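Chemist: Here's a sequence, model it:
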Amino acid sequence: MAGRAWHPPFRRVFFLIGLLASLIPATSRAQPPETVTVGLIIDADSPVGRIASTTVPMALDDFYAAFPNASARVRLLQHDSGGDVVAAASAALQLMTAQGARAILGPQSSVESAFVADLATRAEVPVVSFSATSPSVSHSEARFFVRAALSDAGQAEAIAALATYFGWRRVVPIYQDDDYGAAFVPFLVDALTAARAEVPYRCELPAGATRDAVAAAMYRLESEQTRAFVVHARPALAELVFAAAVEAGMMAEGYAWVITDGLTGLLGSIHPPQGVIGLAPHVPPTARLHDVRKRWAHRFMRQHRDADLAEAEMGCYALWAYDAAWAIASAAERLSPGDLSSRPGLVGGRRGSTDFSGLGKSMSGEKFLAAITKTTFEGLGGRFELINGELAVPAFRIVNIMDNAKERAIGFWTQRDGLHRQLGRGRGGIASNSGLAPVIWPADSTVVPIGWVQPTSGRKLQVAMPGPVDPGYRPIMHLDVDPATNRTVAGGFVIEVFEAAVRLLPYALPFEYVLVGSMRYDTLVERVGKGEFDAAVADITITADRSKLVDFTLPYMSSGISMVVPMRDQRSKRAALVFLKPLRWDLWLVSFAFFIFTGFVVWAVEHRSNEEFRGPPSYQIGTLLYFGFSTLVFAHRENLKSNLSRLVVVVWSFVVLILQSSYTASLTSMLTVPQLEPAIGDFASLWRGTDKVGILNNSFMRAAMNKSGFPQSRLEPYQATQGFHEALLNGTIGAIVDETPYLRLFLKSYCDNFTRIAQSNKTGGFGFVSAPCLLPLDIVITWYVHAVQHLDRQLMTRVVHGRSIEQAFPKGSPYVADLSRAILNLTESDEMSSIERKWFGDADGCAAQGSQFTSERLSFDSFWGLFLITGATSLLCCALHLLIFVVANRRRIWASRVPWRNRLRIFLKLLDDRDLSSHTFRTNKDGGGSVADRSANDAGASPPPAVAHIAAGSPLSVSNHTYDMSDWSSGAPSPAPAAAGEIELAGAGEAEEVAAAPNPGGSGDQSATVHQASN
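Modeler: Coordinates of the predicted model:
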């Protein structure tokens, strides 16, 4: 009984557990996924519509096959707008109101999308477009509009990069004249302008253009110069354009065609000719993409049996539609159950569904939009990520269209790396990766089209030239009209350089000159700016106001402001000290110092052994100076005893000979040869003086000089070079201040009596300039004016204006870069030098005539080598003499136990004493008299009795007294002989015996060694 009591409760528990377990799956199966209604608005008969009708359902099928347990399923409601804006708007209203769509895929065209996006933003229903690529509609303008495709503005820079790479300076867009095409052109023009290319004209075609209208437009383009075209249109119109281009012969060699990504993705629908270049978003190849493409092609052909096999190619529109549908399904999964269960359609509407201002709002619109914009995944077209409501495409693929609409990849473009052959190897890649692969152009040509040819029709550019030009300035420019043929012929330096630069352009630039008569250049510039003339060639000054209207090319001739002054013979200005002019002050100073230095060296060597260099200090100083300066005329009479002093004098005499000869030649030249020098040396002298200055009439020079502070009363305008010449000769003006080219023309005719003062600064030179007008070619001469002002004894230079020969085109025109490049090629060649010599002559022709003779003053720089030789010789001889003296008297100088002070005193005393060991003071071995005695005897004088006479003027020191032995006249009686070795001196009635013992110091003056005279 106990077992029976225990079993029933447990049975009930197990029964309840089994019942609940059986109810759980039944409950799950009873709750199906929430349905999310999404509308699809397309033009079912268009190529993009047929692609979308196949792709979007297939993408949803693939998504739910991949995620079978999805909590929400998208129910697609398709509407056909037929390409009509009203039909698209009506379909959108029906979807949002009556059918309860929570989001809309489409509409297909940009025009439809703009209208529907505005309605959807009011109703807060997300609109995801996979084909509206026009920048005219964007997320920033319609908050609930999301572009799951590439904006056309993103490919404008890629097209500009192609133009730069192939060197196309002019590109013509051919586009559909609606929101799809017209909204893209401004972005293309801006990108081309930034790349230094130009859009000279545009070819806009209406969406419904007939075949004849398209053909007429193509024939007009064929008659123009440009041969590079960009086609941006819908497939139907693009097919008509290519057919008309083939008929007009515009698919021949020399033409270049580029199509945008919208056409590259539909190659099977437009059948472009061979040689076209196309752009397409880069799609990374994957196994999934390969599988989807294969299945998509089969499905497309089953649904559209009348389609060509070439159309069954999954292009960019198919990829974008697939990823957009996948993103809608993925975003629906992120909605909460509350959002999915909310009331579909619009809530809070007024006045019915047809009142746009009273539309209600979707309950789930905000959250659905947020889920869509935050959805990221690896799609068929690459990484799906929306940035600011638009799909980000990191790279473009550049393809070359071949036969049967097949494409051949030639490279890639990214905003960071530009053009390159392989993706991911941009700036940091290998060198071979740069650029693109070879292109097969129309007519199977491999030659890159230059984009320009000589036009078969159209008027030539009218280039205005003022006139008539003064005969003196015809080498600058001139324009002559043949009265018989009425043909205008232009010439001159400016014209020839301009025409040479135009010939170097990579395209034809037809023009003709028009004589407009004399007028102010301001007026001429204004008329060119207004479009009355296509160009103007003249020496027009570029001012700050005009520079706002023009761009400048590189200069092709250096120029500046120079001054021409008459030459004056400076001999008429001789001064009393003209003899000092041959040598400059530094040479005078060094020569004077070396005269004294050479005399000192000779005195130092001869002082101990030559009686002529001894005596009282004043006598010795006089001898030193006299000997040094007497070498100037080789008048020194002192007999030199030492070979060292003789060597010094020989070398110094050679230097003196050269100095003397140079001085004589320079002084002779100054006194006899005409000394032609500029009457005004520089701009500072002109500024300080009172002479009047000649300037060119109607030139900017007057305003420039006045601005720099030059007195206006000193300016004299002249029209012709002959007037300048006559004014300089009669002294009306003292100088001409003008641009260098004009002064070169003046000196070419009048060179003998005038010279040009070098300019103080370089200027901008000659170049071509661009100005905003309809293809103008305004040539203007530009230089910088430099005015010199003397203030507080400082020369200050101011840049006042600039001038240059320029060519005027619209601001940012590619002609500026092309002409600059042509000018560089011209200046680097010999042609520019030939043109300059032809019209201006040789730059050194005036100096080559040899009319200017000037004698420059001699300076130390010309003789420093000679002074170095003589100075080194003198120092060497002096040092050698001092060394010999020290060696000979080393025992007395370096005697022990003698203080250093006394030792220096002994050294100086020995240096001043006679060198009795010299042959000058030695007695002959046969007992004869001294050399001095022999010299006296040879001269016929009475020999002194028993006393050794010292040279006149040399003191003889005995004991502590000094006696002048010159007082012993030859007629005075001689004292009696004393004992050997002694003499007796008589003076003042007293006699004193002096022992002839040798002096301990070795001085011959303090202890006189007496030799008796021998008869």
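Chemist: Residue 511: how many residues sit nearby?
Modeler: 17 (other Cβ atoms under 10 Å). Just so you know, the C-beta spots here come from the backbone N, C-alpha and C atoms, and that holds for glycine as well.
Chemist: Per-residue pLDDT of the residue nearest the centre of the chain, please?
Modeler: For the chain, the residue nearest the mean C-alpha position is residue 554 (10.7 Å; Cα atoms, centre = their mean). Looking at residue 554, its pLDDT is 72.
Chemist: Could you look up the SS state of it?
Modeler: Secondary structure, DSSP: H, G, I helix; E, B strand; the rest coil: residue 554 is strand.
Chemist: Begin at 765, not 1, for the rest of this chat.
Modeler: Sounds good: first residue 765 from here, last item residue 1318.
Chemist: Contacts only, for residue 1042.
Modeler: 1022-1025, 1027-1028, 1031, 1036, 1162-1165, 1171 (Cβ atoms under 8 Å, 6 or more residues apart in numbering).
Chemist: Ramachandran coordinates for residue 1172?
Modeler: phi -130, psi 120 (degrees, to the nearest 10).
Chemist: hey, what's it bridged with?
Modeler: residue 1164 (DSSP bridges).
Chemist: try residue 1330
Modeler: According to DSSP bridges, beta-bridge pairing links residue 1330 with residue 1518.
Chemist: Wait, it touches residue 1491, no?
Modeler: No: judged on Cβ atoms under 8 Å, residue 1330 makes no contact with residue 1491 at a distance of 10.3 Å.
Chemist: related to what we said a few turns ago, quick one: the residue nearest to the centre of the chain from residue 957, how far?
Modeler: Per Cβ to Cβ, to the nearest Å, residue 1318 is found 20 Å from residue 957.
Chemist: Ok, residue 1423 next?
Modeler: For residue 1423 relative to residue 957 (Cβ to Cβ), the value is 73 Å.
Chemist: again, but for residue 942
Modeler: 24 Å.
Chemist: circling back: redo the contacts of residue 1042 as a markdown table? Include neighbour count and pLDDT.
Modeler: Formatted as a markdown table, the contacts of residue 1042 follow (neighbours: other Cβ atoms under 10 Å; pLDDT from 0 to 100):
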| residue | neighbour count | pLDDT |
| --- | --- | --- |
| 1022 | 25 | 96 |
| 1023 | 29 | 95 |
| 1024 | 27 | 94 |
| 1025 | 25 | 91 |
| 1027 | 27 | 92 |
| 1028 | 26 | 91 |
| 1031 | 24 | 86 |
| 1036 | 24 | 90 |
| 1162 | 28 | 95 |
| 1163 | 20 | 95 |
| 1164 | 21 | 95 |
| 1165 | 24 | 93 |
| 1171 | 18 | 90 |
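Chemist: So residue 942 and residue 957 - more neighbours on which side?
Modeler: residue 942 (21 against 17).
Chemist: Distance check, the more buried one against residue 1369.
Modeler: Taking Cβ to Cβ, one finds residue 942 at 112 Å from residue 1369.
Chemist: do residue 1251 as well
Modeler: 92 Å.
Chemist: Of the two, give the one with the bigger neighbour count.
Modeler: More neighbours surround residue 1369 than the other of residue 1251 and residue 1369, with 28 against 10 (other Cβ under 10 Å).
Chemist: Leaving out chain neighbours, which residue sits closest to the more buried one?
Modeler: Nearest in space to residue 1369, with sequence neighbours left out and distances taken as Cβ to Cβ, 6 or more residues apart in numbering, is residue 1409 at 4.2 Å.
Chemist: One more: residue 1367?
Modeler: residue 1388 (4.5 Å).
Chemist: Counting by contacts, list what the helix or strand where the one you found lies packs against.
Modeler: Per DSSP states H and E: residue 1388 is located in helix 1381-1394. Of the remaining helices and strands, those touching helix 1381-1394 by 3 or more Cβ pairs under 8 Å, 6 or more residues apart in numbering; DSSP states H and E are helix 1349-1370.
Chemist: How about residues contacting the helix it packs on?
Modeler: Residues contacting helix 1349-1370 (Cβ under 8 Å, 6+ apart): 1344, 1347, 1376-1377, 1384, 1387-1393, 1395-1396, 1402, 1404-1406, 1408-1409, 1412-1413, 1416, 1419, 1423, 1622-1624, 1626-1627, 1631, 1634-1635, 1638-1639, 1641-1642, 1645.
Chemist: quick one: the longest helix anywhere in the chain to chain centroid distance?
Modeler: Once the chain is assigned using DSSP state H, the helix that runs over the most residues is helix 1407-1436. The chain centroid and the centroid of helix 1407-1436 are separated by 55 Å under Cα atoms, centre = their mean, to the nearest Å.
Chemist: And stretch 1258-1278, by the same measure?
Modeler: 26 Å.
Chemist: residues of the helix holding residue 1388 that come out buried?
Modeler: 1387-1388, 1391-1393 (16 or more other Cβ atoms under 10 Å).
Chemist: What of stretch 1256-1265?
Modeler: Buried residues in stretch 1256-1265 (16+ other Cβ under 10 Å): 1256-1262, 1264-1265.
Chemist: Quick one: name whatever helix or strand follows the helix or strand hosting residue 944.
Modeler: In this structure, residue 944 is located in helix 943-946 according to DSSP H and E. The helix or strand immediately downstream of helix 943-946 is helix 949-958, counting by DSSP H and E.
Chemist: quick one: average pLDDT of that following helix?
Modeler: 93.
Chemist: Report the distance from that helix to the chain centre.
Modeler: For helix 949-958, the distance to the chain centre is 26 Å (Cα atoms, centre = their mean).
Chemist: which other residues reach that helix?
Modeler: Under Cβ under 8 Å, 6+ apart, the answer for helix 949-958 is 899, 916-917, 920-921, 923-924, 927, 935, 937, 939, 962-963, 966, 994, 996, 1576.
Chemist: before we move on, back to that, turn the buried residues of stretch 1256-1265 into JSON lines, columns for secondary structure, pLDDT and distance to residue 813.
Modeler: As requested, the buried residues of stretch 1256-1265 are exported to JSON lines (DSSP: H, G, I helix; E, B strand; the rest coil; pLDDT from 0 to 100; distance: Cβ to Cβ, whole Å):
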{"residue": "1256", "secondary structure": "coil", "pLDDT": "86", "distance to residue 813": "66"}
{"residue": "1257", "secondary structure": "helix", "pLDDT": "85", "distance to residue 813": "66"}
{"residue": "1258", "secondary structure": "helix", "pLDDT": "83", "distance to residue 813": "62"}
{"residue": "1259", "secondary structure": "helix", "pLDDT": "85", "distance to residue 813": "61"}
{"residue": "1260", "secondary structure": "helix", "pLDDT": "87", "distance to residue 813": "63"}
{"residue": "1261", "secondary structure": "helix", "pLDDT": "84", "distance to residue 813": "60"}
{"residue": "1262", "secondary structure": "helix", "pLDDT": "80", "distance to residue 813": "57"}
{"residue": "1264", "secondary structure": "helix", "pLDDT": "87", "distance to residue 813": "58"}
{"residue": "1265", "secondary structure": "helix", "pLDDT": "83", "distance to residue 813": "54"}
